[in-house]
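Visitor: Got a predicted structure plus its sequence, pasted below:
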Amino acid sequence: MFKKLFGIKEEQVKTIQLLAPMTGKAVSLSSVPDPVFSEKMMGDGVAIEPSEGVVVSPVEGEILQVFPTKHAVGIRAKNGAELLIHIGLETVSLKGEGFETHVTQGDKVKEGDKLVTFDLSVISEKAKSTVTPVIITNTDQAAELKVLTEGNVEKGITPILEVTFE
């Protein structure tokens, strides 16, 4: 109420850092063996080759979508960035086998909250790849996107991307 009366406007978060949603090795999107991701058709970001089957939220935000096959989660961060964590390649065909979700659409999450657990051996055996793209799907609206790291990353700790929205 006072904000309206006195013209004080709430400061909008513009730049955020995304933490690694999983432990493993961060690699360039261009190395992902799927043109939808490597050619950035869905947006820009980074990919992670997981060393364990736990996915945590890389940002504070809201769950936009949990795919029925449990292989992907969409999140909107506080600055408006919309991100997709797509566990493995061609994992939709597993129809949820080996995946367990811990959130539902509309849930509020903080960095490090558990989103999905998965059986790395099932994904390794039955999917094309375990590499997990982490994509800003509305990259076209971003003022700036920076990849912060490649190599070993730890879930909920290592910053992997920085994205700015005006």
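Guide: Cool, the structure landed.
Visitor: contacts and neighbour counts: CA atoms only from here.
Guide: Will do.
Visitor: dump the residue contacts of Val122.
Guide: 97-98 (Cα atoms under 8 Å, 6 or more residues apart in numbering).
Visitor: what residues are up against Phe67?
Guide: By Cα under 8 Å, 6+ apart, Phe67 lies in contact with Val73.
Visitor: right, and the helix or strand after the longest helix seen in the chain?
Guide: Taking DSSP state H as the criterion, the chain has its longest helix at helix 120-126. Next along the chain after helix 120-126, taking DSSP states H and E as the criterion, comes strand 132-136.
Visitor: so what secondary structure elements neighbour that following strand?
Guide: Where contact means 3 or more Cα pairs under 8 Å, 6 or more residues apart in numbering; DSSP states H and E, strand 132-136 is packed against strand 44-50, strand 82-86.
Visitor: contact partners of the longest one?
Guide: When contacts are taken as Cα under 8 Å, 6+ apart, the neighbours of strand 44-50 outside the stretch itself are 22-29, 32, 130-137, 139, 145, 147, 160-161.
Visitor: can you give me the angle that strand makes with strand 132-136?
Guide: 160 degrees (axes from the mean of the first three to the mean of the last three Cα atoms, to 10 degrees).
Visitor: Strand 44-50 pairs with which strands, parallel or anti?
Guide: Its sheet considered, strand 44-50 pairs with strand 24-27 (antiparallel), strand 132-136 (antiparallel) by DSSP bridges.
Visitor: okay, Ile75: pLDDT?
Guide: Ile75 carries a pLDDT value of 98.
Visitor: helix or strand for it, which one?
Guide: Using DSSP H and E, Ile75 sits within strand 72-77.
Visitor: And stretch 19-36, how far out from the chain middle?
Guide: Centroid displacement of stretch 19-36 relative to its chain, using Cα atoms, centre = their mean, to the nearest Å, is 10 Å.
Visitor: List the buried residues in it.
Guide: For stretch 19-36, burial by neighbour count (16 or more other Cα atoms under 10 Å) applies to 19-30, 32.
Visitor: Name the residues that touch it?
Guide: 37-42, 44-59, 89, 111-112, 131, 133, 149-161.
Visitor: could the buried residues of stretch 19-36 go into JSON lines alongside pLDDT and distance to Thr104?
Guide: Shown next, in JSON lines, are the buried residues of stretch 19-36 (pLDDT from 0 to 100; distance: Cα to Cα, whole Å):
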{"residue": "Leu19", "pLDDT": "98", "distance to Thr104": "20"}
{"residue": "Ala20", "pLDDT": "98", "distance to Thr104": "20"}
{"residue": "Pro21", "pLDDT": "98", "distance to Thr104": "17"}
{"residue": "Met22", "pLDDT": "98", "distance to Thr104": "19"}
{"residue": "Thr23", "pLDDT": "98", "distance to Thr104": "22"}
{"residue": "Gly24", "pLDDT": "98", "distance to Thr104": "25"}
{"residue": "Lys25", "pLDDT": "98", "distance to Thr104": "27"}
{"residue": "Ala26", "pLDDT": "98", "distance to Thr104": "26"}
{"residue": "Val27", "pLDDT": "97", "distance to Thr104": "28"}
{"residue": "Ser28", "pLDDT": "96", "distance to Thr104": "29"}
{"residue": "Leu29", "pLDDT": "96", "distance to Thr104": "27"}
{"residue": "Ser30", "pLDDT": "95", "distance to Thr104": "30"}
{"residue": "Val32", "pLDDT": "97", "distance to Thr104": "28"}
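Visitor: Good, wrapping up.
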